[in-house]
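Colleague: After the sequence you'll find the predicted model.
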Amino acid sequence: MKLTFLKYISLAAFVLTSSKVLLPAKTSTLNSEKTEELTKENTAPDFDPNFHIYLCFGQSNMEGSATIEPQDLNGDSRFKVLQSLDCDNLKRKKGEWFTAVPPLTQCYTGLSPADYFGKTMIKNLPDSISVGLINVAVGGSDIRLFDKDIYADYDDTYKEAWFTDKIKAYGDNPYQHLMQLAKQAQKRGVIKGILLHQGESNTGDENWPTYVKAIYTNMLAELSLDAKNVPLLAGEMVHEEQGGKCASMNAIVDKLPETIATAYVVSSKGCEVRKDSVHFNSAGVRELGKRYALKMLSLKEE
């Protein structure tokens, strides 16, 4: 009897001390999901103030339309991307950090200015600092697709699958998708800036700076950020002397700092372009990305 009783006590003690890893056989699916969530959170790397995070959004040039070439595939562990979608072809899962190698947005996009923004940043920052990106951009989108209050009026600008499938992939709300990832990223590091390249679909609309201000203001409020610490960088369209079909939009983009005190314009003058005169080619994208980084670095020095 004593032996049996001691065995029972030992078994009970083992179960109690192992409760962190053993779950009752009839645990509900909901509880299992919560446990998995907590486990991921508890095993995640600690918050690092030297992990600088940048949010990127816009349309096709930011999304990545240029050809990815061999020289673009060299990754650096100090430059990471928070995966925005599940991509079996890339063996990446949404919400996981990876060494930044293009494509940085969707599963089959191309080279983005975000790529060379990050590469240039880590080359010019101390080794103790690493850079993380979140890129949620939608080719063909009106800027108001990222306005949390009216986005639903601009999620069907094009009826073709190439556009609608992108919206669906982002849960029918690209802005909210970006914010969810940004909040996750804030557990790992500090958001230091926002990069925008958009305007082709709004060419000629003088209200564009006002639209951008509403989106920027919403982002700052939702993420509890201070504008003076999180500047907005906006890139120009292909220039007129290069035959840019949307070149007239540059005059409007250039006025953005008049509407947003913490906004800065990144010149695209001379960046090489593709034959469509709307998108930058690989060399042009690399140069534009570097210019975004140099502008951000110059602001850090002020």
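Modeller: Sure, I can see it.
Colleague: Quick check: F47 touching A185?
Modeller: No - with contact defined as C-beta atoms under 8 Å, F47 and A185 do not form a contacting pair (10.7 Å). Any C-beta I mention is one placed from the backbone N, CA and C, and that applies to glycine too.
Colleague: who's more crowded, those two?
Modeller: Legend: neighbour count by other C-beta atoms under 10 Å for F47 and A185, higher for A185 (23 against 11).
Colleague: What residues does the closest residue to M237 other than its chain neighbours make contact with?
Modeller: Of all residues not flanking M237 in the chain, C246 sits nearest, at 4.4 Å (C-beta to C-beta, 6 or more residues apart in numbering). Contacts for C246 (C-beta atoms under 8 Å, 6 or more residues apart in numbering) come out as 199-200, 203, 237-238, 278.
Colleague: Just grab the bridge partners of L111 for me.
Modeller: Beta bridges link L111 to A66, judged by DSSP bridges.
Colleague: That one: neighbour count?
Modeller: Residues near L111, counting by other C-beta under 10 Å, number 25.
Colleague: which SS class is R144?
Modeller: Recorded secondary structure, R144: helix (DSSP: H, G, I helix; E, B strand; the rest coil).
Colleague: Now do the strands in the stretch 151-300 of the chain.
Modeller: 190-197, 232-235, 263-266 (DSSP state E, counting those that start in this stretch).
Colleague: So for stretch 189-203, mean pLDDT?
Modeller: The average pLDDT within stretch 189-203 is 98.
Colleague: Now the terminal residues of it, how far apart.
Modeller: One end of stretch 189-203 sits 35 Å from the other (C-alpha to C-alpha, to the nearest Å).
Colleague: from what I can see S128 touches F51, true?
Modeller: No - taking contacts as C-beta under 8 Å, S128 lies outside contact range of F51: 10.3 Å.
Colleague: So for the two, which sits in the more crowded spot?
Modeller: Taking neighbours as other C-beta under 10 Å, S128 and F51 compare with F51 leading, 19 against 8.
Colleague: Find me the pLDDT at that one, would you?
Modeller: 98.
Colleague: That one - nearest residue in space that isn't next to it in sequence?
Modeller: Using C-beta to C-beta, 6+ apart, the nearest residue to F51 is G189, at 3.0 Å.
Colleague: looking at it, the one you found is touching L55, isn't it?
Modeller: No - taking contacts as C-beta under 8 Å, G189 lies outside contact range of L55: 11.9 Å.
Colleague: Please say which of the two ends up with more neighbours.
Modeller: Using other C-beta under 10 Å as the criterion, G189 and L55 rank with L55 on top: 26 against 21.
Colleague: Could you grab the helix/strand/coil label for that one?
Modeller: Secondary structure state of L55, per three-state DSSP, is strand.
Colleague: Not counting its neighbours along the chain, what's nearest it?
Modeller: Once flanking residues are discounted, L55 sits nearest to I194: 4.8 Å by C-beta to C-beta, 6+ apart.
Colleague: Might you report the residue contacts of the one you found?
Modeller: 54-57, 216, 219, 230-233.
Colleague: out of the residues you listed, which one sits closest to L181?
Modeller: Closest approach between the contacts of I194 and L181, by C-beta to C-beta: L55, at 8.5 Å.
Colleague: nearest residue to Y158 other than its sequence neighbours?
Modeller: Y158's closest residue in space is G140 (C-beta to C-beta, 6+ apart), at 5.5 Å.
Colleague: Surely M296 is in contact with V266?
Modeller: No - if you go by C-beta under 8 Å, M296 and V266 don't touch, sitting 9.2 Å apart.
Colleague: Give me the common contacts of the two.
Modeller: L233.
Colleague: rewinding a little: state the pLDDT value of the residue nearest to M237.
Modeller: pLDDT recorded at C246 is 98.
Colleague: what's the nearest residue to R92 once chain neighbours are set aside in contact with, if anything?
Modeller: With C-beta to C-beta, 6+ apart as the criterion, R92 has its nearest non-adjacent residue at 4.5 Å, and that residue is Q83. Listed by C-beta under 8 Å, 6+ apart, the contact set of Q83 reads 92-98.
Colleague: 7 Å instead?
Modeller: Q83 is in contact with 92-96, 98, counting by C-beta atoms under 7 Å, 6 or more residues apart in numbering.
Colleague: Could you dump those residues into CSV with neighbour count and secondary structure added?
Modeller: Formatted as CSV, the contacts of Q83 follow (neighbours: other C-beta atoms under 10 Å; DSSP: H, G, I helix; E, B strand; the rest coil):
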residue, neighbour count, secondary structure
R92, 19, strand
K93, 12, coil
K94, 14, coil
G95, 15, coil
E96, 12, coil
F98, 15, strand
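Colleague: just checking, P257 touches A263?
Modeller: Yes - P257 lies in contact with A263 (C-beta atoms under 7 Å); the separation is 5.0 Å.
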